[in-house]
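[1] Sequence and computational prediction follow.
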Amino acid sequence: MIQSFVSLGWTTVIWYICGYSMCFSGSLAGDAAHGGRDFFGIVGNFDMAVLRGLTLDMRTPDHLGIPLIVFIAYQ
């Protein structure tokens, strides 16, 4: 049970540092000719590492009005 709690803690830290950025940043045109640094839209880049550029009033891009910080915590 302790191992599960430790794993939960580390997973949260890794998600904050690079996981969210690798999942949700980048573009589908990820090749160098289009200025992207991700892997062809499959794996993102580190543009939002450590939630860089995030403000508390940002919303999800799908126009549902969900605060981005809530989306990140749910994911």
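    The structure has been received and is ready for your questions. Keep in mind that this is a model prediction, so the values were computed, not measured.
[2] What residues sit buried inside the helix or strand of the chain with the lowest mean pLDDT?
    Here the helix or strand of the chain ranked lowest by mean pLDDT, DSSP states H and E is helix 20-24, holding a mean of 88. Neighbour counts over helix 20-24 (16 or more other Cβ atoms under 10 Å) mark 20-22, 24 as buried. For the C-beta atoms, the positions are set from N, CA and C on the backbone; glycine is no exception.
[3] Starting from that helix, tell me the next helix or strand along the chain.
    helix 68-74 (DSSP states H and E).
[4] picking that back up, mind putting the buried residues of helix 20-24 into a markdown table with distance to Pro67?
    Listed next are those as a markdown table, based on distance: Cβ to Cβ, whole Å:
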| residue | distance to Pro67 |
| --- | --- |
| Tyr20 | 14 |
| Ser21 | 18 |
| Met22 | 21 |
| Phe24 | 15 |
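[5] For the least confident helix or strand of the chain, output the C-alpha coordinates as CSV.
    C-alpha atoms of helix 20-24 as CSV (Å, rounded to 0.1, in the frame of the first residue of the first chain):
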residue,chain,number,x,y,z
TYR,A,20,1.3,17.2,-19.6
SER,A,21,3.6,18.9,-22.1
MET,A,22,4.5,15.8,-23.9
CYS,A,23,0.8,14.8,-24.2
PHE,A,24,-0.8,18.1,-25.1
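[6] by contact count, what packs against it?
    Where contact means 3 or more Cβ pairs under 8 Å, 6 or more residues apart in numbering; DSSP states H and E, helix 20-24 is not packed against any helix or strand.
[7] just the buried residues of helix 20-24 now: which is nearest His63?
    His63 lies nearest to Phe24 out of those, by Cβ to Cβ, at 15.9 Å.
[8] dump the residue contacts of that closest one.
    44, 48 (Cβ atoms under 8 Å, 6 or more residues apart in numbering).
[9] change the start of the numbering to 44 and stick with it
    Sounds good: first residue 44 from here, last item Phe67.
[10] Quick check: it vs Tyr117, distance?
    For Phe67, the distance to Tyr117 equals 12 Å [Cβ to Cβ, to the nearest Å].
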